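[1] Attaching a predicted model along with its sequence, questions to come.
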Amino acid sequence: LTTLGKIVGGGMPVGAFGGRREIMEHIAPLGPVYQAGTLSGNPVAMAAGLATLEGLSVPGFHERLAATTERLVQGLAGAASRAGVPFSTNHVCGMFGLFFTGDGPVQSYAAATRCDVERFRKFFHGMLGEGVYLAPSAFEAGFVSGAHSDADVDATVAAAARVFARI
């Protein structure tokens, strides 16, 4: 079976599942297994999910998303370096991680646990004060979306430069 969460509803509260025909034929109305839920088939979530899938299908979307993320993490790394703050980033397409460490790339859970979480906390709150909301834990991923523009990246990097100078 395959299970999908929020993304299938464009971030709305919804889930979906699917599988091979011989399994799915056991689900009503073809089979005896009944499935229902308060938000099952929620039309708002389904419309949001359809809009998301249509957006993701636009030619070049993923390439633009990856380029925007690359620009963001490189800008953050540069701002940290100029402020003398030990900092490392990892990213794949639109997902990124921020780590306060001078030990190079973080490629394992053990390496992540050695990062300066207190400095991350200060960075998080500093960025919040600058109007930029990030995931509140050093162990959570951040996400760039198709809605983020170059101006958003520039504003985020400028805010980070101000925060790095304070921490």
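    Structure received.

[2] tell me the contacts of the residue nearest the centre of the chain?
    When Cα atoms, centre = their mean is applied to the chain, the residue found nearest the centroid is Phe143 (2.5 Å). Contact partners of Phe143, counting by Cβ atoms under 8 Å, 6 or more residues apart in numbering, are Gly94, Met95, Phe96. Just so you know, the C-beta spots here come from the backbone N, C-alpha and C atoms, and that holds for glycine as well.

[3] With Cys93 instead?
    Cys93 makes contact with His62, Leu65, Ala66, Thr69, according to Cβ under 8 Å, 6+ apart.

[4] Tell me how far the closest residue in space to His62 that isn't next to it in sequence lies from Ala66.
    Using Cβ to Cβ, 6 or more residues apart in numbering and skipping residues adjacent in sequence, the residue nearest His62 is Cys93, 6.3 Å away. Separation of Cys93 from Ala66 (Cβ to Cβ, to the nearest Å) stands at 5 Å.

[5] Then Ala141?
    As it turns out, when the distance is counted by Cβ to Cβ, Ala141 lies 15 Å from Ala66.

[6] Now do the buried residues in the longest helix along the chain.
    Among the elements of type helix in the chain, defined by DSSP state H, the one spanning the most residues is helix 61-83. Neighbour-count burial for helix 61-83, with 16 or more other Cβ atoms under 10 Å as criterion, is recorded at 65, 68-73, 75-77, 79-80, 83.

[7] Out of the residues you listed, which comes closest to Phe124?
    For Phe124, the closest of the buried residues of helix 61-83 turns out to be Leu76, at 13.1 Å, with distances computed as Cβ to Cβ.
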